[in-house]
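Colleague: Sequence first, predicted coordinates after that:
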Amino acid sequence: MMSVHLDRAKALQKEIQKILIEEWDPIGVGDIPEAEHEYDSYVPELYKMLISRKPKHEIFEYIWWLETEHMGLTGDRQRSEMFAERLYNLA
């Protein structure tokens, strides 16, 4: 039983990781093989938010903070909202 939960947790984290680099990718490094783990440090927090069933707006706020405050980018609010919804629907 524990193995099933661990497998699900790993699968969800892997999916978050994949989506971050392939779909979100605010700095545009998704096509660079050496950068495939660029956003991995954000996976644990997003995973925790998803398994805790945080509301979509909290996921958006975290994504928006990452883009605009943490990375210092201008951000694309509409794109970030869509991305937050994509993550929210994983759980």
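Modeller: Done, it's in.

Colleague: How far away from the center of its chain is stretch 25-38?
Modeller: In terms of CA atoms, centre = their mean, to the nearest Å, the centre of stretch 25-38 is set 14 Å apart from its chain centre.

Colleague: May I see the buried residues of it?
Modeller: For stretch 25-38, burial by neighbour count (16 or more other CB atoms under 10 Å) applies to Asp25, Pro26, Gly30. For glycine as for every other residue, the C-beta is placed from the backbone atoms N, C-alpha and C.

Colleague: Can you tell me which of these is nearest Ser80?
Modeller: Ser80 lies nearest to Pro26 out of the buried residues of stretch 25-38, by CB to CB, at 8.5 Å.

Colleague: Stretch 35-55 spans what distance, first to last residue?
Modeller: 30 Å (CA to CA, to the nearest Å).

Colleague: so who does Gln78 touch?
Modeller: Listed by CB atoms under 8 Å, 6 or more residues apart in numbering, Gln78 has no contact partners.

Colleague: Which element, helix or strand, includes it?
Modeller: helix 77-88 (DSSP states H and E).

Colleague: I'd like the mean pLDDT over that helix, please.
Modeller: Summarised as a single mean, pLDDT over helix 77-88 is 94.
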